[in-house]
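1. the following block contains a protein sequence and its predicted model.
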Amino acid sequence: MKIADSVALVTGANRGIGRHFARQLLQRGAAKVYATARTPELVDVPGVNVLRLDVTDPVSVAAAAADAGDVTLLINNAGVATYQNLVTGELEKIRLEMETHYFGTLDVVRAFAPVLARNGGGAIMNVMSLLSWMSYDGANAYSAAKAAQWSLTNGIRLELARQGTTVAGLHLGGTDTDMMAAFDVEKNDPADVVRTALDGLEAGEIEILADENTVQVKAALSADPRALYPQIARG
């Protein structure tokens, strides 16, 4: 997938990583960038085409696909973090995580897959997390939704290969965005994450790990689960 002359659509482009995607796509020579958000008036990237898109609203998704019929690159970045645990958390907020990261991503993919097919196949990138592969006490709803999104990404990669659409997954650790503002930890620069993501996409990578923490978590999946969760005492 070459960025130059592509027509890209970015969900959740009004802030954070989505805003950086919109900017860097233009800098790399994309012919057009649709920057979408539930609140499009907050999109402030010069040179983009602004569209309203709420990934949890199927009517909004269908309207965006009708308006952006020239898309060749879809970046599913829109997300939410409600910081809920599964057993004691608010069920409505837990459902919102799944509606956004899993069903929202799926609705957008289903709406734009025919568009990509008509335009030669193109590519999809789903923005995920190292929490796709591990749980975090205090945000287990997010981890569960991102794990589901990872499985979704693997599934649509198989299904869309027959129409020539490349599907890539981006996984990253803590990054300096509004979503992580309350956490006093070392954080990635979002510009670096997006640069790594777009470099990987152009290189043909289908699973892009943006930082060393994410590399370590992925590698630990084949080990005893206690390696990821030292707080669980050996019985």
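-> Okay, I see it.

2. now do the strand or helix carrying Leu51: everything it contacts.
-> Applying DSSP states H and E as the criterion places Leu51 in strand 49-52. By CB atoms under 8 Å, 6 or more residues apart in numbering, the list of residues contacting strand 49-52 from outside reads 9, 32-38, 40, 43, 60, 63-64, 67-68. Bear in mind the C-beta positions are built from the backbone N, C-alpha and C, glycine included.

3. that strand pairs with which strands?
-> Strand 49-52 sits in its sheet next to strand 32-37 (parallel), going by DSSP bridges.

4. so how far is the partner strand off the chain centroid?
-> Remark: strand 32-37 is offset 15 Å from the chain centroid, using CA atoms, centre = their mean, to the nearest Å.

5. tell me the buried residues in stretch 142-154?
-> 142-150, 152-153 (16 or more other CB atoms under 10 Å).

6. which residue ranges of the chain form strands?
-> Using DSSP state E, the strands of the chain run over 7-10, 32-37, 49-52, 73-76, 123-127, 166-171, 207-209.

7. format those as TSV; extra columns: mean pLDDT.
-> TSV is the format used below for these (pLDDT from 0 to 100):
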stretch	mean pLDDT
strand 7-10	98
strand 32-37	97
strand 49-52	97
strand 73-76	98
strand 123-127	98
strand 166-171	97
strand 207-209	97
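
8. for the chain, what are the low-confidence residue spans?
-> Applying pLDDT under 70 to the chain flags residues 175-185, 188, 233-235.

9. list the contacts of the nearest residue to Thr11 once chain neighbours are set aside.
-> Among residues not flanking Thr11 along the chain, Ala78 sits closest, at 3.9 Å (CB to CB, 6 or more residues apart in numbering). Taking CB under 8 Å, 6+ apart as the contact definition, Ala78 lies against 11-12, 18, 36-38, 53, 55, 100, 104.

10. hang on, Trp133 packs against Trp150?
-> Yes: the pair Trp133 / Trp150 is scored as a contact, 7.5 Å apart, by CB atoms under 8 Å.

11. can you list residues touching both of those two?
-> Joint contacts of Trp133 and Trp150 (CB under 8 Å, 6+ apart) are His171.
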